[in-house]
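Participant: Give me coordinates for this.
(chains A and B)
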Amino acid sequence: MHDSVTRAIPASAPTSRKPRLHSAMALAALAVAVFFGPVWLTVIPAWLEFPVATVVGDAINWFAREASIGGLAVKDITRLFAEFIDRPIQGAVVLLADGLFSGRGLDVKQSVPPLSWLAIGGVAVITAWRLGGRSLAFTVTICVGFLVLFGLWQNAMVTLSNVLVSVFIAAALGLALGIWSFRSTQVENITRAIMNVMQTVPIFSYLVPTLLLFGYGPSAALVATVAYALPPMVHNTVLALKSVPAETIECGRMAGCTRRQLLWQVQLPTALSKIAVGLNQTIMMTLNMVIIASMIGAGGLGFDVLKALRKLDIGSGLEAGMGIVALAVVLDRVSQAAAKRAAHGKHLQPGQQPLWRLLAVWIVAATVIAWLLPLAQLWPKAYLISTAAFWNNLVSWINQEWFDVLDAFRTFALLQVMRPIRDFLAAAPWTLVIGALAVAAHWTGGLRLVIYTVSLALFIVLTGYWGPAMNSLYLILIAVTLAVLIGFPIGFWLASRPRLQTAANLVLDTLQTLPTLVYLLPAVMLFRIGDVSAIVAVTLYAVAPAVRYGMVGMSQVPHARLEAAEISGCSRWQTLIWLRLPAAWPTLLIGINQTIMMAFSMLIIAALVGTKDLGQEVLIALNRSQVGEGIIAGLCVACLALIADGLLKAAAANTAIQRHRKNSL
Amino acid sequence: MLFKKVSGIASMLLALTLGAPTNASAAVPESDKPIKIMIADWTSIGLQGEMMSLILQTYGYTTELVVADDSGRYPGFENGDLHLAMETWQTTQQNNLAKSVATGNVVDLGETGLAGVEDWWYPLYMKEKCPGLPAWEALRDCAEEFATADTAPKGRYVGGPVSWGDHDENLIAALDLPFEVIHPGTDAAMFAELKAAYERQAPIVLWVWKPHWVPSLYDGEYVQFPKYEDGCFDDPAWGPNKTATGDCGKPYGWIKKMGWAGGEDVWPCAYQMVRNYNMDNDTISALLVEVDLNGRSNTEVATEWLKANEDIWRPWAACAG
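Facilitator: Predicted coordinates for the structure are as follows:
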C-alpha cells in the first residue's frame, strides 16, 4: 500500500526512485567486487584495526589518577563532590531506614529509631488518597503491606533513600537541560547527541571510570544511576515545551509575562502532563538500576536479590525483586497523580486540610504509636510471610516434569533457527553489510543519514569489535522479532479493551522493573547456559514497549475512518490490514524502535548467561578492570543501537510525511 | 550504615559475654576513622569480613562493611575508599592483585590459611554412567554421556565466566579430551544448571570451587587430573602429554587478605591483626553451611565462633596489649 503511495507522489520521498535505483545498483556492484575482489573486502584486515581501547584506557586512568585542574587533583574534586551528594543519601537513610546510633566500637546502640513503617507507609497512603482517590490509596496500601509482611521493609527503605535522591537530581538536572535545549537549537543538538549515546552505552562500561572518580558506595551508584536515568527526562521536557500551543504562549505574552514568568507560569504548567511521562521513565530507569547500584555499594533490595540468587533461592530473589516493583508502582502512580492534579489545577476543596498538615499529624501520631507498640516499629519475624518455597518448588517441578519438552524446543530453536542466522551474519562480508546499511539509509533518509550510518559502522570496524557486534546483531534481531510478534498482537487486542488496560499496565511495569536476574536464572535452569536463555530474557524484557506502542497505535485510529470501514462492509481482518495497521504504522515504527533500544540495554545482562557478543566484551572488561576496552565495547553497542534508531526514525518520519502529503492532496 | 548497625548490635552482645579487652594499650585504636572492610556477593567473604570486623571492634576500632565487586574492587583499594578485604583468590585474582600491589597503593596482607580448590566436578550419580571416574582418562570414553544435542558427539563442560581464564581450553587440548567448554557470564548461572541437572539426575560436569556451599549440599567429587606441579604450565615435557603445556589440573591456590597501603600508617595494630588472622577450609566450610543452608546471619554465626574460640583469635591481637 505504501509503495502505491510512493509511486503516486514521485517527488515526495526523501530519495526518489531513480537515485534509489542507483544506490541499489552500487550495492550490486559492490557484491560483485567482494565476490571476485581481494580478501580484505570480505575479512577485516589487521591494518584497519587500531588499538583505540588501550589509548582511551590510559587517558582515563591518567585523568582519574593524576590529572589536576588549577593545582587541585581531579580525583580530589570528584571525591569532594561524592561526599557532597553522599550527605542527602545518608540523611535519607538515617530518617527512613536506620535511625541514629550513639557510641561506637563496643558500645554502639540505637539512640533514635528511624521512622516506623507505620509512619512512612501511612504517609504514602494518605498522599495517594489525596492525590488519586480511593483506588490509588488501595494500590499503595497493598504495596506497603507487601513490603512489611514479607520482611523487606528496612532494605526497601535503603533503596528508597537512594532512589529518591537519584530521581530528584535526575529530574532537576533533566528539567534544566531540557529548558536550556528548548531555548537554543545549538544546545539541543549537542544534548540530544550526548543523551542518545548515554542511553545506549551499557552502564557496565562506565562503571569502572565512575568508581575511579567517585569512590565506592552510594554516591558512585548515584552518579551512574543519574547518568542512566537522565535522557528520558531531557527528551520529554523538550518535547513537552515544544508542544505548548503558540496561542497559549501568545496569551501569556499579552498578559505581560517576562521570560521567566512565561516559563514558570505558562509553559511549564501547560507542559506538565507531558513532562510527567519523562519523570515516569526516569523513575522506572532508576529502579532498573537498583541491582547494578547495589553491586557497587548502594545496598538495599538489590543486594537482597543478588544474595538470594547466589544461593539459587529463586523464590526469595523473586520476593525481593517484587519489592523493587512495589516501590516502582508507588513512586510512579503517586507522581503521575500529582502531575495530573497539578496540570488540571485542582485545589483544596473547602474544609480540606492541606496535605502537609495531615502528614505532619500522622507522623507524630504514628511515631507515638510505634513507641508504645514495638510491632508498629519493626514487624516481628514470627509474623512474616514468605512464598519463596512455593516458587522454588514450582521451578523444580517444571524442571522435572517439562524438561524434555523444553529441551527439544531448545535444540530445535538453536540448531534450526539461531545457529544458521548467527553463522550467516558472522560470514557476511563486512563491506557488504555496511553497503546494505548505506542503501537502507539512502532509501529512508538521504545522504546525511548515509554518512551517519556508515561512520557509526566504521567505528565498530576500526576498533576491532566487528565479530562480537555481529553476534549482538543476531541476538537483537531474533529477540526483537519475537518481542514484536508477541507484543503487537497483545497490544492490538488490549487497545479495544480499556477495562483490562490498568491490569495490563501493572504487568508491563512489573516486566520492566523486576530485576532481570530473577527470571534469568530460571531460564538457565530450563534452557541451559547459552544463547537460548539470553534470548528468552531479552525478549521478556523488550516485549513491554511492543505491547505499549501496539496499544497506543491502535487507539489512535480515527473513529470516523473505522465507521466508514464498517459501513462499506469490511471484515475485521480487512479493517485491521487495510485501515488500522496503516493508520498506526508511524507509532508502531517508533514502538519497534523502543523495543530495539530496550533489547540493546539488556544485552549486558544477557551476557551473564554466556553470550559471545559485545555485552560479553563489556562484562569481561569490567571483570578485568579494563577501562578502555569497557568503554569502547560499550560505544560499539551504542553505535549499533544508533544505526537502528536512525534508520527507523527516518522510516517513521517518511511515512508520516507521505501521509501528510496524501491528506493534503 | 545498614551493616554498621547490624555489626554494632553483634559487638554489643560480644562485649557482654567477653568482657572488655584486658590491658588494652592506650595506643589502640590509633584512629577513630572507620576501617572499611570490603564484602561482596559470595558468602565466605562476608562471613570472614564480619569476623574481622567483630575482632577489630572488640579492640575499639570503628568498622564499616562495604559492598563491592570482586574484580572491580581494585580502584577502590588504590584510592583508599576500601581498606581491607579478607579474600583474594589466587585462582582468579592473582594477576589483578599483583598489578594493584605494583601501584604501591595496595598491600598484600598474607594468606588466610584457606586453600581454594577449583576443578572439574560431577555429581556422584555420574559414576554409574561413567564407571571409570574419578580418573580423568574416563572422560575420554564417556564424553557422550555428557553431550547435549548442540555439542554431540563432544561432551558439554560448564566452565567459569570467560574472564576467569582459559585454563580449561588448554587442558582439553593438552589431554585431548572430546569436550566443549560452555562459558556462562556469572557463577550463579553455573549453579542454576547444576541444580536443574541434579534434580533430574541428569549428566553434568562443571567448574566448582571450595570453600563453597555446593559441595556440602550436593554429593559429588572432583575429576582427578594429573596433579599440578611447577613446570606444568611452561614445560611441555612435563605430564602425560610430552608436547603440550597445561596438561594438569588447576593449582590449589591461596586465598589472601589485602589492604589499602595508606591504612598501615593509620591503624598499624589493626593491620597486624589482619596479618595474623588465620583459618582453615574445614572451619569455614562448616560455618558456610550454617549461613547458606540453615539461613542464619553472618553476624550470628561469626559471634558464636568467636565466643567459642577465644584462645585462637586473642593471640592475633597481641599488639593491642
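Participant: Need the pLDDT of A:Arg341.
Facilitator: On pLDDT, A:Arg341 comes in at 80.
Participant: Can I take it that it is in a helix?
Facilitator: Yes: counting by DSSP: H, G, I helix; E, B strand; the rest coil, A:Arg341 is part of a helix.
Participant: Report the contact partners of it.
Facilitator: A:Leu131 (Cβ atoms under 8 Å, 6 or more residues apart in numbering or on different chains). C-beta: built from backbone N, CA, C; applies to glycine.
Participant: how near is it to A:Ala64?
Facilitator: 45 Å (Cβ to Cβ, to the nearest Å).
Participant: Now A:Thr248: closest residue in space that isn't a chain neighbour?
Facilitator: A:Thr270 (5.6 Å; Cβ to Cβ, 6 or more residues apart in numbering or on different chains).
Participant: Look at the one you found and say how many residues are nearby.
Facilitator: When neighbours are counted by other Cβ atoms under 10 Å in any protein chain shown, A:Thr270 registers 18.
Participant: List the residues that contact it.
Facilitator: Residues near A:Thr270 by Cβ under 8 Å, 6+ apart: A:Val244, A:Pro245, A:Thr248.
Participant: so where does the first one fall, helix or strand?
Facilitator: It refers to A:Val244. For A:Val244, there is no helix or strand it lies in under DSSP states H and E.
Participant: For it, give its distance to chain B.
Facilitator: According to Cβ to the nearest Cβ, to the nearest Å, A:Val244 stands 44 Å off from chain B.
Participant: Over to the last one?
Facilitator: Distance from A:Thr248 to chain B, counting by Cβ to the nearest Cβ: 48 Å.
Participant: residues near that residue, how many?
Facilitator: For A:Thr248, using other Cβ under 10 Å, the count is 15.
Participant: Surely A:Ala338 and A:Leu131 touch.
Facilitator: Yes: counting by Cβ atoms under 8 Å, A:Ala338 does reach A:Leu131; the two are 5.3 Å apart.
Participant: Which one's more surrounded, the two?
Facilitator: Each of A:Ala338 and A:Leu131 has its neighbours counted (other Cβ under 10 Å); A:Leu131 has more, 21 against 18.
Participant: and the helix or strand containing that one, what other elements does it pack with?
Facilitator: For A:Leu131, the host element (DSSP H and E) is helix A:117-149. In terms of contacts (3 or more Cβ pairs under 8 Å, 6 or more residues apart in numbering or on different chains; DSSP states H and E), helix A:117-149 is packed against helix A:153-183, helix A:314-344, helix A:355-372, helix A:374-377.
Participant: for the closest residue to chain B within the stretch 151-300 of chain A, phi and psi?
Facilitator: As assessed by Cβ to the nearest Cβ, chain B sits closest to A:Gly215 within the stretch 151-300 of chain A, at 3.9 Å. As for A:Gly215, its main-chain torsions (degrees, to the nearest 10) stand at phi 70, psi 180.
Participant: Model confidence score at it, please.
Facilitator: On the pLDDT scale, A:Gly215 gets 74.
Participant: ok, now A:Gly345?
Facilitator: 67.
Participant: rank the helices and strands packed on helix A:117-149 by pLDDT, which is bottom?
Facilitator: Across these, helix A:374-377 gives the lowest mean pLDDT, at a mean of 82.
Participant: Just list what the helix or strand just after that helix packs against, helices and strands only.
Facilitator: Once the chain leaves helix A:374-377, the next helix or strand it forms, by DSSP H and E, is helix A:388-412. On a contact count with 3+ Cβ pairs under 8 Å, 6+ apart, helix A:388-412 meets helix A:314-344, helix A:516-527, helix B:187-199.
Participant: Which residues belonging to the following helix or strand past helix A:388-412 are considered buried?
Facilitator: Toward the C-terminus, helix A:388-412 is succeeded by helix A:419-427 as the next helix or strand (DSSP H and E). Within helix A:419-427, the residues scored as buried using 16 or more other Cβ atoms under 10 Å in any protein chain shown are A:Arg422, A:Leu425.
Participant: List of residues touching helix A:419-427?
Facilitator: Applying Cβ under 8 Å, 6+ apart, the set of residues contacting helix A:419-427 from outside is A:Val433, A:Gly467, A:Met470, A:Asn471, A:Leu473, A:Tyr474, A:Leu477, A:Ile478, A:Asp531, B:Asp150.
Participant: Any idea how far that helix is from the middle of the chain?
Facilitator: Distance, stretch centre to chain centre, for helix A:419-427: 29 Å (Cα atoms, centre = their mean, to the nearest Å).
Participant: again, but for stretch A:328-335
Facilitator: With Cα atoms, centre = their mean, you get 16 Å for stretch A:328-335.
Participant: cool, and stretch A:275-294?
Facilitator: Worked out by Cα atoms, centre = their mean, stretch A:275-294 lies 7 Å from the chain centre.
Participant: Tell me if it is near chain B.
Facilitator: Yes: judged by Cβ under 8 Å from any Cβ of the partner chain, stretch A:275-294 and chain B are in contact via A:Ser294.
Participant: Could I get the CA-only coordinates of that stretch as PDB?
Facilitator: Output of stretch A:275-294 as PDB, limited to C-alpha atoms (Å, rounded to 0.1, in the frame of the first residue of the first chain):
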ATOM      1  CA  ILE A 275       6.900  16.200  31.400                       C
ATOM      2  CA  ALA A 276       5.400  13.700  33.800                       C
ATOM      3  CA  VAL A 277       5.800  11.000  31.100                       C
ATOM      4  CA  GLY A 278       9.600  11.700  31.300                       C
ATOM      5  CA  LEU A 279       9.500  11.600  35.100                       C
ATOM      6  CA  ASN A 280       7.800   8.200  34.900                       C
ATOM      7  CA  GLN A 281      10.500   6.900  32.600                       C
ATOM      8  CA  THR A 282      13.200   8.300  34.900                       C
ATOM      9  CA  ILE A 283      11.700   6.600  37.900                       C
ATOM     10  CA  MET A 284      11.400   3.300  36.100                       C
ATOM     11  CA  MET A 285      15.000   3.500  34.800                       C
ATOM     12  CA  THR A 286      16.300   4.400  38.300                       C
ATOM     13  CA  LEU A 287      14.600   1.300  39.700                       C
ATOM     14  CA  ASN A 288      16.100  -0.700  36.800                       C
ATOM     15  CA  MET A 289      19.500   0.300  38.100                       C
ATOM     16  CA  VAL A 290      18.900  -0.900  41.700                       C
ATOM     17  CA  ILE A 291      20.600  -4.200  41.100                       C
ATOM     18  CA  ILE A 292      23.600  -2.800  39.500                       C
ATOM     19  CA  ALA A 293      23.800   0.000  42.000                       C
ATOM     20  CA  SER A 294      23.800  -2.500  44.800                       C
END
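Participant: how about the residues of the stretch 101-250 of chain B near chain A?
Facilitator: B:148-150, B:158, B:161-163, B:182-193, B:195-196, B:199-200, B:202, B:213.
Participant: now with 10 Å?
Facilitator: B:103, B:105, B:148-150, B:152, B:156, B:158-159, B:161-164, B:182-202, B:204, B:206, B:213-214, B:217 (Cβ under 10 Å from any Cβ of the partner chain).
Participant: filter those residues to the buried ones?
Facilitator: Buried among those (16+ other Cβ under 10 Å): B:105, B:148, B:150, B:156, B:158-159, B:161-164, B:182-198, B:202, B:204, B:206, B:213-214, B:217.
Participant: State the next helix or strand along the chain beyond the lowest-mean-pLDDT helix or strand in chain A.
Facilitator: Every helix and strand of chain A was ranked by mean pLDDT, DSSP states H and E. The lowest is helix A:2-8, at a mean of 33. Counting by DSSP H and E, the element after helix A:2-8 in chain order, helix or strand, is helix A:17-36.
Participant: With respect to pLDDT, which of the contacts of helix A:419-427 ranks lowest?
Facilitator: Per-residue pLDDT puts B:Asp150 lowest of those, at 81.
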